[in-house]
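Chemist: starting from these lines, generate the structure:
(one chain, ligands or ions: 2)
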Amino acid sequence: MAAPEFMQKMAQVMKQLVRWEGYSKEEVEAAVDYFISNIDVVRLHYLENCVGCGACAPSCPYYFVDEKYSPVNKAEEARRVYRKKFTIAGMILGPLVEARLPKSDKDLDRIVEMVWRCSGCGACYTACPFGVDSGVLINLMRGFMTFTKRVPTMMAAFEMIETEGFYKMIPAFGALWQQTLDAIERELGRKVELDKKGAEVLYLPSLIDALYTPNAVVAGAKILDKLGLDWTMPSSPLGVRPPVAAVLGRYDRAKKVLSEIYEYVTNLGVKEVVMIDGGFPYPWLRFKMPPLLNKKPKFKVKHLVEVLVEAMEKGKLRFKQVDDKVTWHPPCQMTRRAGLTVEPAYVLSRVSRGFRRLPHHGLEAYCCGGGSGMGCLTKDEIEMMAKFIGAPASMFVSGEKERRFLEETEKAYKAAIKRKMEDIEKSGAEIVVTACPVCIHTIQLGAKLYGPKVKVIHLAEYIVDKIA
Ligand code: SF4
Ligand code: SF4
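Modeler: Residues are numbered from 1 along each chain as shown. Ligands and ions are numbered 1, 2, ... in the order given. All right, here's what the predicted structure looks like:
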């Protein structure tokens, strides 16, 4: 399909996926079916065992923006549906016990606002004395809302582009991947054998890594070479930032993308997959893929920081120590949702004598506010992405109502960053090292909006030239 023809087709598909006006009972029924099909014992615990104590609220970056965005208030949207469909009291008494399904355009407007004031950071989960993960319920309600078509066009577009494999037809993505491979080979001064069967490691950066943090992608490859690993890369990308569908709470569609990745990796027969992204792709590939696909992978999924720690422990990795005033911003997904709480500090404290922790670190670290698609909904990001794929920016805003939603969302996102920047300022750091393209983008934006004037850099890029 020629590029303009493809864009036209995409615009038509978008119109079927997104609608910011009107209400349909049939769509709500389909949404409820999806909701019900995703209630497992863990989500049941989250739905049932909140006592409304509010202990989770101060941890939430969006509660910091407005108290109405407390985790429990946002998760209440899921509980209303749950009570109506699962509890006897809810079925009989309905609204008297806060059990109800959305019944109007206004209800959908309220829910879409609530579910897009969450970065999925899990800070509420670790703060809750009962281990209730409101972020998971909010994410499930995002999935619910895709059936009612009240969803940001930008996110619906990217989910479709990835899940349906349209990225393979967008010339800009193909060119970006090729540029990335060329840059890696230039830097290494050798050819990389792509799709190499039986290699020890599959190095798996995403297109978003390549777009936002190209130097880190090259640095990651260089580090694998320095460690003497036998590694390969895919000759073409395995998604945009897989699985994007997870951000929209569509586990059925995430499964489709993960299944393709699983098949590719299994066919290669590698022992390990190494990622540099510490955002949502890491816990999804490492922890959620096996149960979702009902498979037992023959390969391990690791974040680069784990590879570094293992090499240090074996005495295979040493650093030329520096005195940088450097700190670590823990990406929420690799920290709270994947347990890599101490490894980055272990590495950085050996790289720089000036390493210091943030006042709020480890499980208590503040979220930057940009996760779960929140950082992708600004006017600048939409324009940048549209330009990149060669589409008009207007294609990513369905009309006046969505435009107003996006303006308010951008304001909330920019306000949410402030708390993180204050924490960084208190640390006295001049360099913030992290490992998620969206965290890097968000903290860079925060530094412009509020200060301090810090350099924000990916872990791979920061350490690569400090390896002894
Ligand atoms: S997951 Fe994070 S952003 Fe979402 S409600 Fe919980 S604390 Fe707030
Ligand atoms: S989710 Fe946990 S911390 Fe938050 S209000 Fe409910 S019980 Fe309290």
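
Chemist: Lys295: what secondary structure?
Modeler: coil (DSSP: H, G, I helix; E, B strand; the rest coil).

Chemist: now do the contacts for the residue sitting nearest the centre point of the chain.
Modeler: Nearest to the mean C-alpha position of the chain, by CA atoms, centre = their mean, lies Phe280 at 3.8 Å. If a contact means CB atoms under 8 Å, 6 or more residues apart in numbering, then Phe280 has 120, 241, 246-247, 333, 337, 371-372 as its contacts. Placement of C-beta: from N, CA and C, glycine included.

Chemist: now swap in Lys300 and tell me
Modeler: 271-273.

Chemist: next: Met233.
Modeler: By CB under 8 Å, 6+ apart, the neighbours of Met233 are 181, 184, 192, 194, 202-205, 221.

Chemist: 10 Å instead, please
Modeler: Counting by CB atoms under 10 Å, 6 or more residues apart in numbering, Met233 touches 177, 180-181, 184, 192-196, 199, 201-205, 217, 221, 224.

Chemist: now stretch 219-234: average pLDDT?
Modeler: The predicted model assigns stretch 219-234 a mean pLDDT of 98.

Chemist: correction: stretch 423-431
Modeler: 98.

Chemist: and that stretch, which residues are buried?
Modeler: 423-424, 427, 429, 431 (16 or more other CB atoms under 10 Å).

Chemist: kindly report the same for stretch 439-457.
Modeler: 439-443, 445-447, 450, 452, 454, 456-457.

Chemist: the buried residues of stretch 423-431: which ones sit near ligand 2?
Modeler: By CB under 6 Å from any ligand atom, no member of the buried residues of stretch 423-431 lies near ligand 2.

Chemist: which bits of the stretch 301-450 of the chain sit near ligand 1?
Modeler: So the stretch 301-450 of the chain meets ligand 1 at Cys367 (CB under 6 Å from any ligand atom).

Chemist: how many other residues sit next to Lys418?
Modeler: Using other CB atoms under 10 Å, Lys418 has 16 other residues around it.

Chemist: next secondary structure after the helix or strand where it lies?
Modeler: Lys418 belongs to helix 400-427 when assigned by DSSP states H and E. Once the chain leaves helix 400-427, the next helix or strand it forms, by DSSP H and E, is strand 431-434.

Chemist: in three-state terms, label the closest residue to Asn49 other than its chain neighbours for me.
Modeler: Using CB to CB, 6 or more residues apart in numbering and skipping the chain neighbours, the partner closest in space to Asn49 is Phe130 (5.0 Å). Of the three states, Phe130 takes coil according to three-state DSSP.

Chemist: test my guess that Phe130 contacts Cys124.
Modeler: No. Applying CB atoms under 10 Å as the test, Phe130 and Cys124 come out as separate, 11.2 Å apart.

Chemist: name the residue in those two with the higher neighbour count.
Modeler: Cys124 (28 against 13).

Chemist: contacting residues for the more buried one?
Modeler: 55-60, 63, 70-72, 74-75, 118, 132-136, 138, 336, 367 are the contacts of Cys124 under CB under 10 Å, 6+ apart.

Chemist: those residues also near ligand 2: which ones?
Modeler: Near ligand 2, by the rule CB under 6 Å from any ligand atom, you find 55-56, 71-72, 132, 134 out of the contacts of Cys124.

Chemist: restricted to helices, list the residues you listed.
Modeler: If you go by DSSP state H, the ones next to ligand 2 among the contacts of Cys124 have 71-72, 134 in helices.

Chemist: now these in a markdown table, with pLDDT?
Modeler: Shown next, in a markdown table, are these (pLDDT from 0 to 100):
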| residue | pLDDT |
| --- | --- |
| Pro71 | 98 |
| Val72 | 98 |
| Ser134 | 98 |
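
Chemist: of these, closest to ligand 1?
Modeler: Closest approach to ligand 1 among those (CB to the nearest ligand atom): Pro71, at 3.6 Å.

Chemist: okay, now the residue of the stretch 101-250 of the chain found nearest ligand 1: neighbour count?
Modeler: The stretch 101-250 of the chain approaches ligand 1 most closely through Gly135 (2.7 Å), counting by CB to the nearest ligand atom. By the criterion of other CB under 10 Å, Gly135 has 28 neighbours.

Chemist: near ligand 1, which residues of the stretch 101-250 of the chain show up?
Modeler: Residues of the stretch 101-250 of the chain lying near ligand 1 (CB under 6 Å from any ligand atom): 118-124, 134-135, 138.

Chemist: filter these down to the ones in helices?
Modeler: 123-124, 134-135, 138.

Chemist: quick check: Ala416 touching Gly446?
Modeler: Yes. When contacts are counted by CB under 10 Å, Ala416 is listed as touching Gly446 (9.3 Å).

Chemist: which members of the buried residues of stretch 423-431 are the farthest-apart pair?
Modeler: Longest distance between any two of the buried residues of stretch 423-431 is 15.0 Å, between Asp423 and Ile431; criterion CB to CB.
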